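Enquirer: Fold the following.
(chains A, B, C and D)
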Number of protein chains: 4
Amino acid sequence: MPLSLHDAQQVLHAQPFSELLGAELVQFSAEGIELRVPISEQLKQQHGFVHGGVIAYAADNALTFAGGFALGPSVVTSEFKINYVRPVLGRVLIARAVVVHAGRKQAVCRCEISSQDGDTEVLCALAQGTISTIDRRDDA
Amino acid sequence: MPLSLHDAQQVLHAQPFSELLGAELVQFSAEGIELRVPISEQLKQQHGFVHGGVIAYAADNALTFAGGFALGPSVVTSEFKINYVRPVLGRVLIARAVVVHAGRKQAVCRCEISSQDGDTEVLCALAQGTISTIDRRDDA
Amino acid sequence: MPLSLHDAQQVLHAQPFSELLGAELVQFSAEGIELRVPISEQLKQQHGFVHGGVIAYAADNALTFAGGFALGPSVVTSEFKINYVRPVLGRVLIARAVVVHAGRKQAVCRCEISSQDGDTEVLCALAQGTISTIDRRDDA
Amino acid sequence: MPLSLHDAQQVLHAQPFSELLGAELVQFSAEGIELRVPISEQLKQQHGFVHGGVIAYAADNALTFAGGFALGPSVVTSEFKINYVRPVLGRVLIARAVVVHAGRKQAVCRCEISSQDGDTEVLCALAQGTISTIDRRDDA
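Expert: Numbers count the residues shown, from 1 in each chain, chains lettered A, B, ... in the order given. The predicted structure is shown next:
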């Protein structure tokens, strides 16, 4: 049985780095997961945009949670790829991820990252990657 | 003329997110760049390893600085891909990046991310991506 | 004005490698493009499945045509990433690609590759990549 | 015990698609593998360069053979990423791949693809990907 949203939120809050960034999980279901990061000054780069590393964090973590819905809680991101298409401004960074294909031990997921400012939401990056159960990762 | 190490360090320190993570640039030359992030509790995930998002940050930023050595200071990472091969423990996260091919407006770079604990250094992830001059990114 | 389906088919037929593989373009529109490759013995690997290189060809070419709809005929694939999720059997390999974001000189596209046998169609691979106008590729 | 070069060549020759393209395996060792494809008219695209799909084939197959040296003969490419950096001209396409990290069931490999014309060799593309043992691929 998949984790509940509440259980998944507990996992997120047990990640010190996600706490540092203020990330919140607002959806965790068969339709996909949604992770939100409020944009503050400390998440930016030198030109006033959100740092690419924050966007990569959001993609990595959203992909992992999407894979975790399909595979269970003990998963890691094995690899992913991200294309940045617009600089991120706005008030909230939103990462939505879905499972495209899941086996028993591995899932391939996609993620779209957008920035939101009031009612406006703009696509900023897209990612694709592999989530694996921890026992599958034989190289630890 | 490429930026000096000192100039590049100023750019890094002008990134609030890099300051939040405590990143330091210790090499910036034709042989490659090296970015170091001291590992603290707040950079970890729920199992005590460094969060994948921190590793992705280090890869993204190291790739950008490597591209910036070849292309000049006004560059962004257009896209990259990362494979995680071992969980990150240790005291320092080290990302080393090199330019594999550079044109006038775009460079393809590679990065290896390792963790260091005393004299021991272990490869933890590898990345490959495209760095573009900002004027080349036409879709902002 | 975008190319017509007929124009795009002429481009495909001007590619000797696509002719060698027997590829056909059956859709070329704002909704996406569809490339089909009839599966024959000579496209297989040693276990009787379609060779991964054929699937990568279909992804590469479908991504390029999708980008070409948005950017015009003089485009190349700068980079892409592909995840294989199932071995390819069946009678026809189908690659469908869409533009997710397009600027003036660069487009980020996605592609799904499936195999079809009669009425059954199964997802076999997914790809994501960057298409660039040729003048943008400064490193030729 | 790893396969011999001769054994690996037999595997390559058992791939009808590799035979169609005329691929040859000339190195298969702990130092890496080298796959060569003689460039003929039928491997080209509409501008007279080698088709990106041929380059992607060479990357995919070289990565698989590199992984197979480390993991044994029953392997598949799970995913890879490729950056094209120059159009391919010349007489021979050369793909060299190395294992960067191998576990028992999965290996992460890199590949460089160049074109050769007489004594001149030019880097044209670079790739990075994951090779898995077939029993590890649970989603067939």
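
Enquirer: Every contact and neighbour count from this point should use C-alpha atoms.
Expert: Fine.

Enquirer: any residue of stretch A:23-38 up close to chain B?
Expert: No. Stretch A:23-38 does not reach chain B (C-alpha under 8 Å from any C-alpha of the partner chain); its nearest approach is 12.0 Å.

Enquirer: Give me the distance between the two termini of that stretch.
Expert: One end of stretch A:23-38 sits 7 Å from the other (C-alpha to C-alpha, to the nearest Å).

Enquirer: pLDDT of it, averaged?
Expert: If you average the pLDDT over stretch A:23-38, you get 98.

Enquirer: Give me the buried stretch members for it, please.
Expert: Buried residues in stretch A:23-38, counted by 16 or more other C-alpha atoms under 10 Å in any protein chain shown: A:23-25, A:27-29, A:32-38.

Enquirer: quick one, what contacts A:Val11?
Expert: Residues in contact with A:Val11, defined by C-alpha atoms under 8 Å, 6 or more residues apart in numbering or on different chains, are B:Gln46.

Enquirer: quick one: low-confidence ranges for chain A?
Expert: For chain A, applying pLDDT under 70 flags the ranges A:1, A:136-140.

Enquirer: quick one, helices of it?
Expert: Secondary structure of chain A by DSSP state H: the helices cover A:5-13, A:16-21, A:52-71.

Enquirer: chain center to stretch A:64-81, what's the gap?
Expert: Taking C-alpha atoms, centre = their mean, to the nearest Å, the mean C-alpha location of stretch A:64-81 is offset from the chain mean by 10 Å.

Enquirer: which outside residues touch it?
Expert: With C-alpha under 8 Å, 6+ apart as the test, stretch A:64-81 has contacts from A:2-3, A:8, A:28-30, A:32-33, A:60, A:63, A:97-99, A:102, A:104-109, A:127-134, A:137, B:52, B:79-85, C:81.

Enquirer: Stretch A:54-61 now?
Expert: The contact list for stretch A:54-61 (C-alpha under 8 Å, 6+ apart) reads A:35, A:37, A:43, A:77, A:80, A:82, A:93-95, A:111-113, A:125-127, B:52-54, B:56-57, B:60.

Enquirer: picking up where we left off before, among the buried residues of stretch A:23-38, which two are most distant?
Expert: Spatial extent of the buried residues of stretch A:23-38 (C-alpha to C-alpha) is set by the pair A:Ser29 and A:Pro38 at 21.7 Å.

Enquirer: distance of the closest residue to A:Lys81 other than its chain neighbours from A:Asn83?
Expert: Nearest non-adjacent residue to A:Lys81, counting by C-alpha to C-alpha, 6 or more residues apart in numbering or on different chains: B:Lys81, 4.0 Å away. Here B:Lys81 is placed at a distance of 9 Å from A:Asn83 (C-alpha to C-alpha).

Enquirer: Same question for A:Leu25.
Expert: 22 Å.

Enquirer: Find the nearest non-adjacent residue to the residue positioned nearest the centre of chain A, please.
Expert: Chain A has A:Ala62 as the residue nearest its centroid, 1.8 Å off, counting by C-alpha atoms, centre = their mean. Spatially, and ignoring its direct neighbours in sequence, A:Ala62 is nearest to A:Ala97 (5.7 Å; C-alpha to C-alpha, 6+ apart).

Enquirer: ditto for A:Glu31
Expert: Nearest in space to A:Glu31, with sequence neighbours left out and distances taken as C-alpha to C-alpha, 6+ apart, is A:Val98 at 6.9 Å.

Enquirer: Am I right that the one you found is in contact with A:Cys111?
Expert: Yes. Counting by C-alpha atoms under 8 Å, A:Cys111 is a contact partner of A:Val98 at 6.5 Å.

Enquirer: Now for those two: what residues contact both?
Expert: Counting by C-alpha under 8 Å, 6+ apart, the common neighbours of A:Val98 and A:Cys111 are A:Leu63.

Enquirer: Can you pull the phi and psi angles for A:Ser4?
Expert: When read as degrees, to the nearest 10, the backbone of A:Ser4 gives phi -80, psi 170.

Enquirer: burial of it, as a residue count?
Expert: Residue neighbour count, defined by other C-alpha atoms under 10 Å in any protein chain shown, stands at 13 for A:Ser4.

Enquirer: sorry, back to before: now which of the contacts of stretch A:64-81 would you call buried?
Expert: Among the contacts of stretch A:64-81, those scoring as buried are A:3, A:8, A:28-29, A:32-33, A:60, A:63, A:97-99, A:102, A:105-109, A:127-134, A:137, B:52, B:79-85, C:81 (criterion: 16+ other C-alpha under 10 Å).

Enquirer: What segments of chain A are strands?
Expert: Counting by DSSP state E, one finds strands in chain A at the ranges A:24-29, A:32-38, A:75-84, A:92-102, A:106-117, A:120-133.

Enquirer: Can I get these in JSON lines including distance to C:Thr120?
Expert: Listed next are those as JSON lines, based on distance: least, C-alpha to C-alpha, whole Å:
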{"stretch": "strand A:24-29", "distance to C:Thr120": "27"}
{"stretch": "strand A:32-38", "distance to C:Thr120": "25"}
{"stretch": "strand A:75-84", "distance to C:Thr120": "29"}
{"stretch": "strand A:92-102", "distance to C:Thr120": "17"}
{"stretch": "strand A:106-117", "distance to C:Thr120": "21"}
{"stretch": "strand A:120-133", "distance to C:Thr120": "25"}
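
Enquirer: coming back round to it: ok, the residue nearest to A:Ala62 touching A:Ser114?
Expert: No. Counting by C-alpha under 8 Å, A:Ala97 does not reach A:Ser114; the two are 11.6 Å apart.

Enquirer: what does chain A have sitting close to chain C?
Expert: Applying C-alpha under 8 Å from any C-alpha, one finds that chain A approaches chain C through A:Lys81, A:Asn83, A:Val85, A:His101, A:Val108, A:Gln128, A:Gly129.

Enquirer: Just the closest of these to C:Asp119, please.
Expert: Comparing the residues of chain A next to chain C against C:Asp119 with C-alpha to C-alpha places A:His101 closest, at 20.3 Å.

Enquirer: Could you give the backbone dihedrals for A:Ile39?
Expert: According to degrees, to the nearest 10, the main-chain angles of A:Ile39 amount to phi -90, psi 120.

Enquirer: For it, give me its contacts.
Expert: By C-alpha under 8 Å, 6+ apart, the contact set of A:Ile39 is A:Val50, A:Gly90, A:Arg91, A:Val92, A:Leu93.

Enquirer: From A:Leu25, how far out is it?
Expert: Taking C-alpha to C-alpha, one finds A:Ile39 at 15 Å from A:Leu25.

Enquirer: now A:Val85
Expert: Distance, A:Val85 to A:Leu25, by C-alpha to C-alpha: 24 Å.

Enquirer: cool, A:Gln10 as well?
Expert: A:Gln10 sits 10 Å away from A:Leu25, going by C-alpha to C-alpha.

Enquirer: now swap in A:Pro16 and tell me
Expert: Between A:Pro16 and A:Leu25 the computed distance is 14 Å (C-alpha to C-alpha).

Enquirer: Could you give the bridge partners of A:Ile82?
Expert: Bridge pairing for A:Ile82 (DSSP bridges) gives the partners A:Ala127, B:Phe80.
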